[in-house]
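Enquirer: below are the sequence and a predicted model; questions follow.
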Amino acid sequence: MKQLGFHPDWSYEGRLYTLALPKPFTTRPRLGSRQLIRAQMSKLIFPIVRELKDRIALQARFKAIQLLE
């Protein structure tokens, strides 16, 4: 899983590694946490999207937005 010294085509010859990280991150998350999120996100994304589409419960939509963030 670790690609040390290897820049695959999807990374545009390594140029994506120098991009700034999103706001809460100061370093790239560890490999184990990235794999955990990748494995579990499919179980979470569909219920979150269903809550976002709910037009009646505004508080549920707000909580879904917070969870997604």
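Expert: Structure's in. What do you need?
Enquirer: any buried residues in stretch 36-50, and which?
Expert: Residues of stretch 36-50 classed as buried by neighbour count (16 or more other Cβ atoms under 10 Å): none. Every C-beta, even on glycine, is put in place using the N, C-alpha and C of the backbone.
Enquirer: ignore the last one, stretch 58-69
Expert: For stretch 58-69, using 16+ other Cβ under 10 Å, the buried residues are Ala64.
Enquirer: now do whichever strand or helix holds Ile65, average pLDDT.
Expert: Under the criterion of DSSP states H and E, Ile65 resides in helix 58-68. Confidence over helix 58-68 (mean pLDDT, whole number) is 83.
Enquirer: from the chain's centre, how far out does that helix sit?
Expert: 17 Å (Cα atoms, centre = their mean, to the nearest Å).
Enquirer: how about stretch 35-46?
Expert: 9 Å.
Enquirer: once you drop chain neighbours, what's closest to the residue nearest in space to the middle of the chain?
Expert: The centre of the chain sits closest to Ile37, judged by Cα atoms, centre = their mean, with a distance of 7.2 Å. Leaving aside its sequence neighbours, Ile37 sits nearest to Pro29 (Cβ to Cβ, 6 or more residues apart in numbering; 7.9 Å).
Enquirer: SS state for that neighbour?
Expert: When classified by DSSP: H, G, I helix; E, B strand; the rest coil, Pro29 comes out as coil.
Enquirer: how near is the residue sitting furthest away from the middle of the chain to Lys63?
Expert: What lies farthest from the middle of the chain is Ile56; by Cα atoms, centre = their mean that is 27.2 Å. For Ile56, the distance to Lys63 (Cβ to Cβ, to the nearest Å) stands at 14 Å.
Enquirer: likewise for Ile45?
Expert: From Ile45 to Lys63 the distance is 15 Å (Cβ to Cβ).
Enquirer: if we can go back for a sec, any idea how many residues pack against the residue nearest to Ile37?
Expert: 12 (other Cβ atoms under 10 Å).
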